[in-house]
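# Just need the structure, nothing else, for what follows:
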Amino acid sequence: MTRISVVIPAYNEENAIANVIAEIPTIVNEIVVVNNNSTDATVAVAQAAGATVLTENNKGYGYACLKGLAYLKAGNTPDIVVFLDGDYSDFPKELNLLVQPIIDNKVDFVVGARVKEKREEGSLTPQQIFGNWLACYLMRLLFKSEFTDLGPFRAIRWETLEALEMGDKTYGWTVEMQLKALRQKIPYQEIPVSYKKRIGVSKVSGTVKGTIFAGAKIIGWIFKHYLS
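Next comes the predicted model:
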């Protein structure tokens with residue numbers, strides 16, 4: 001039996017997190033919500049919904065993900081890890097689509113691509129759409145990548161993830177994973193997934209500062225790997 005764990009970074013997602021947890025398929029063995037210094041009731045809501053809740057006080061998407069991985073490594077390590085946002089913009093029920101190619105030993109890494117035909121209008125801001133296009137264009141140009149999105153909804157084999165030695169603490173987590181997969185020639189696949197407007201305001205694309213920092217971090221990671 002394949003053991004699957006889900007890691008959900010969460011910062012002030014009290015209005016969304018219970019919906020996310022409720023819709024995660026029953027094939028998942030453990031749901032780990034990493035409270036990233038929330039000031040609302042995210043922790044209580046996630047615990048009531050049945051998740052294992054950790055707290056990472058250093059703010060940053062990567063910090064939260066690394067906290068979740070450290071917990072999994074110290075306990076019952078899974079065969080597959082799925083990363084999922086806590087804002088209810090993804091469709092948790094589609095998790096089955098992401099893990100199946102890994103279970104079937106076709107690939108080691110699957111990214112959920114938020115394709116236009118499956119996206120709710122307005123679910124991605126213009127700057128997000130452009131940023132995704134630019135990052136994926138550069139990866140295609142410099143690394144012969146076939147990625148079309150940096151979507152946060154993704155699944156990866158545990159041993160593969162360990163070998164990537166992830167280190168980014170903030171906005172560059174997703175692109176770091178994809179770049180290292182390309183450099184290590186890890187077999188990967190994109191699966192089209194649905195996407196809707198999130199509950200609440202984005203902590204990244206919802207602010208000018210967040211958008212600029214995220215864009216700079218992502219482009220920086222791409223050229224760092226190209227020049228190394």
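# Could I get the buried residue list for stretch 58-73?
Using 16 or more other Cβ atoms under 10 Å as the test for burial, stretch 58-73 gives 60-69, 71-72. For every residue, glycine as well, the C-beta is placed using N, CA and C.
# Sorry, slip of the keys, the one I care about is stretch 109-118.
For stretch 109-118, the buried set under the neighbour-count rule, 16+ other Cβ under 10 Å, comprises 109-115, 118.
# Spatially nearest residue to the residue sitting nearest the centre point of the chain, not counting backbone neighbours?
Most central in the chain under Cα atoms, centre = their mean is residue 152, positioned 2.9 Å from the mean C-alpha point. Distances taken as Cβ to Cβ, 6 or more residues apart in numbering place residue 85 nearest to residue 152, at 5.0 Å, with adjacent residues excluded.
# tell me the contacts of the one you found?
By Cβ atoms under 8 Å, 6 or more residues apart in numbering, the residues touching residue 85 are 8-9, 20, 152-153, 198.
# thinking again about what came up before, now the residue nearest to the centre of the chain, what's its secondary structure?
At residue 152 the chain is in coil, as set by DSSP: H, G, I helix; E, B strand; the rest coil.
# pLDDT wise, what is the nearest residue to residue 2 once chain neighbours are set aside at?
Among residues not flanking residue 2 along the chain, residue 79 sits closest, at 4.9 Å (Cβ to Cβ, 6+ apart). For residue 79, the pLDDT comes out at 98.
# Roughly how far does residue 79 sit from residue 161?
According to Cβ to Cβ, to the nearest Å, residue 79 stands 11 Å off from residue 161.
# So if I had to pick from those two, which one is more boxed in?
Set residue 79 next to residue 161 and count neighbours by other Cβ atoms under 10 Å: residue 161 wins out with 23 against 16.
# Just say helix, strand or coil for the spatially closest residue to residue 143 that is not a sequence neighbour.
Nearest non-adjacent residue to residue 143, counting by Cβ to Cβ, 6+ apart: residue 182, 4.6 Å away. Here residue 182 is recorded as helix under three-state DSSP.
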